[in-house]
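[1] Coordinates only, no sequence provided:
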């Protein structure tokens, strides 16, 4: 369990950024992964009073605040309207409902864990993230950046006509961390596909056919750890790519 000397509710995103510049301070987010550490912090920075827990729609995109919970993603009628069961599929195996009621979208994205279901699901959707100092940048760029002390506040998902989406993952048990994650979108015949939990970062592939994606996936690096061998991850990648492409061909969309 971590400890902290101070607990501060940020009164603006800029205030949160200023506090977060001190290396002994940290953004609390949902606190779900933070609690597993043993570090001593000077100040925990709480964003819960900044109104960042909303999912809103404009004519061209959906905007999600960093404090939106994974449970909100799972159950949002607005997300379901545009993406069917996609966000339910990518969240329903994450630990349990109690955990998903606490864990936040911003915390999941900012951590950029290689095993993240959330990052994998967002990458094929051409998302942008908003940082207090850097402004709006593509999620693909953010996911590849080294960690810094900027503060993530929002994520935008563009609304694309006739988009089809599919999500698949494999786990040793239902609520375990994923062995491999795979998400894909198809728009105007072009497929964007993300593979996560195969290395320290998720990979985004592009192609017009399943064979294009399978060939690209062959050139990726698949790491070996206590959960699974690299050869098995490579084998799983082929299976998950075939599964999501089958879903796309079947027109998985609300």
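    That came in fine, so what should we check first? Keep in mind that what you see is a predicted model, and the values were worked out from it rather than measured. Numbering: from 1, shown residues only.
[2] Please enumerate the helices of the stretch 51-200 of the chain.
    Ranges of helices in the stretch 51-200 of the chain, per DSSP state H, counting those that start in this stretch, are 70-75, 77-83, 86-91, 97-100, 105-111, 117-122, 139-144.
[3] List just the one of the ones you listed that sits closest to residue 210.
    Residue 210 sits nearest to helix 117-122 of all these, at 18.2 Å, using CB to CB. Yep, even glycine has a C-beta here, placed from its N, CA and C like the rest.
[4] Now that closest one: buried residues?
    117, 118, 119, 120, 121, 122 (16 or more other CB atoms under 10 Å).
[5] Kindly list the longest helix within the chain.
    Scanning the chain for the longest helix, with DSSP state H as the assignment, gives helix 230-249.
[6] for the chain, what helix or strand is lowest in average pLDDT?
    strand 203-207 (a mean of 90; mean pLDDT, DSSP states H and E).
[7] tell me the angle it makes with helix 230-249.
    50 degrees (axes from the mean of the first three to the mean of the last three CA atoms, to 10 degrees).
[8] which stretches of the stretch 151-254 of the chain form strands?
    Secondary structure of the stretch 151-254 of the chain (DSSP state E, counting those that start in this stretch): strands at 152-158, 164-171, 178-187, 190-196, 203-207.
[9] what are the pairing partners of the least confident helix or strand of the chain, and which direction each?
    Here strand 203-207 has these sheet partners by DSSP bridges: strand 190-196 (antiparallel).
[10] In the stretch 51-200 of the chain, where is pLDDT below threshold?
    197-200 (pLDDT under 70).
[11] Near residue 167, how many residues? Count them for me, please.
    Other residues near residue 167 number 27, with proximity taken as other CB atoms under 10 Å.
[12] before we move on, what about residue 59?
    5.
[13] Please tell me how far it sits from residue 204.
    Computed as CB to CB, to the nearest Å, the residue 59 to residue 204 distance reads 26 Å.
[14] Likewise for residue 63?
    22 Å.
[15] Those two: who's more crowded?
    residue 204 (19 against 16).
[16] roughly how far out does the longest helix of the chain sit from the chain middle?
    Here the centre of helix 230-249 is set off from its chain's centre by 19 Å, with CA atoms, centre = their mean, to the nearest Å.
[17] Over to stretch 235-253?
    19 Å.
[18] Over to stretch 177-188?
    Centroid separation for stretch 177-188 versus its chain: 11 Å, with CA atoms, centre = their mean.
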